[in-house]
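Student: Quick one: sequence plus predicted model below, questions after.
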Amino acid sequence: MSTTLDPDKALLAQRKARFWEETNYDHAFRGSFGRYMTEVEANALTRVFPKVKPALLLDLGCGHGRFLRWLAPRAEKLIGLDRSWRLLGVAKQWEASEPPRVPCELVWASAQDLPFASRTVDAITCVRVVQHLPDQDKAYAEIRRVLKPEGALVLVQYNW
C-alpha cells in the first residue's frame, strides 16, 4: 500500500514530537497520575499478554522505559525502541541503576522504519504510541513485517 502523507498530519506529528521532547515525561509518570496510568496499562497488558515467555520482545515506543521494568521478567530478551534520544537516555539510566535480569537493548529508531529483519520478533508491545505517528499505516506495516507469523501484538491505544 502506498500512501501520500498529508502535510497537516506531518506538521501535527512534528508538534507532538517536539512536545514530548520538551515535556518532562519521565518525571510526569513518577507522579500519582503517572503511577495510576502505568498501573491501568500494566493491568491491561497482564490480561492480554501471552502466557508463553517470548524469546524476543520489542517494546515499541518505550519512552523513558516505564514498561521495560514490567516486561523484563516476561521475556528472554527485551528491546526498547524509541525515536527520542532524551527518553532513551532516561531508560538507559534506569537500566544502569536497576539492571534487568534478561538481556535488554535500547534502540533509537522510528516505528515507521524498524531496523529488524522480517519475521524475527516474537512479541511486540506498543502502548499509546501510534496516535503520535504521522504515517500510522507505515508503522502497522512495519509491525506486521517484523513480527513472526505466530507472534503476539499487544496494542494499547486511546485515540485513532
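Tutor: Alright, I've got the coordinates. Residues are numbered from 1 along each chain as shown.
Student: Give me the distance between the residue lying closest to residue 157 once chain neighbours are set aside and residue 141.
Tutor: The shortest distance from residue 157 to any non-neighbouring residue, by C-beta to C-beta, 6 or more residues apart in numbering, is to residue 130 (5.8 Å). Placement of C-beta: from N, CA and C, glycine included. Per C-beta to C-beta, to the nearest Å, residue 130 is found 12 Å from residue 141.
Student: the helices in the protein, which residues?
Tutor: 7-22, 25-28, 32-48, 66-71, 85-97, 136-146 (DSSP state H).
Student: And residue 130 and residue 141? Which one has more around it.
Tutor: residue 130 (20 against 14; other C-beta atoms under 10 Å).
Student: show me the contacts for the more buried one.
Tutor: Residue 130 makes contact with 111, 136, 139, 140, 155, 157 under the criterion C-beta atoms under 8 Å, 6 or more residues apart in numbering.
Student: Most neighbours of all the residues you listed, which one?
Tutor: Counting neighbours by other C-beta under 10 Å, residue 111 leads these with 24 neighbours.
Student: For residue 110, see how far away the closest residue to that residue other than its chain neighbours is.
Tutor: Nearest non-adjacent residue to residue 111, counting by C-beta to C-beta, 6+ apart: residue 139, 4.4 Å away. Applying C-beta to C-beta, the value for residue 139 to residue 110 is 8 Å.
Student: Over to residue 89?
Tutor: Distance, residue 89 to residue 110, using C-beta to C-beta: 17 Å.
Student: So those two - more neighbours on which side?
Tutor: Taking other C-beta under 10 Å, residue 89 and residue 110 do not tie; residue 110 has more neighbours (17 against 13).
Student: ok, the more buried one touching residue 84?
Tutor: No. Look at residue 110 against residue 84 with C-beta atoms under 8 Å: they stay out of range, at 10.5 Å.
Student: Direction included, what does the biggest strand by length in the chain pair up with?
Tutor: Determined from DSSP state E, the single longest strand within the chain is strand 147-156. According to DSSP bridges, strand 147-156 forms sheet pairs with strand 121-127 (parallel).
Student: Please find the angle between the direction vectors of the strand it pairs with and helix 136-146.
Tutor: 150 degrees (axes from the mean of the first three to the mean of the last three C-alpha atoms, to 10 degrees).
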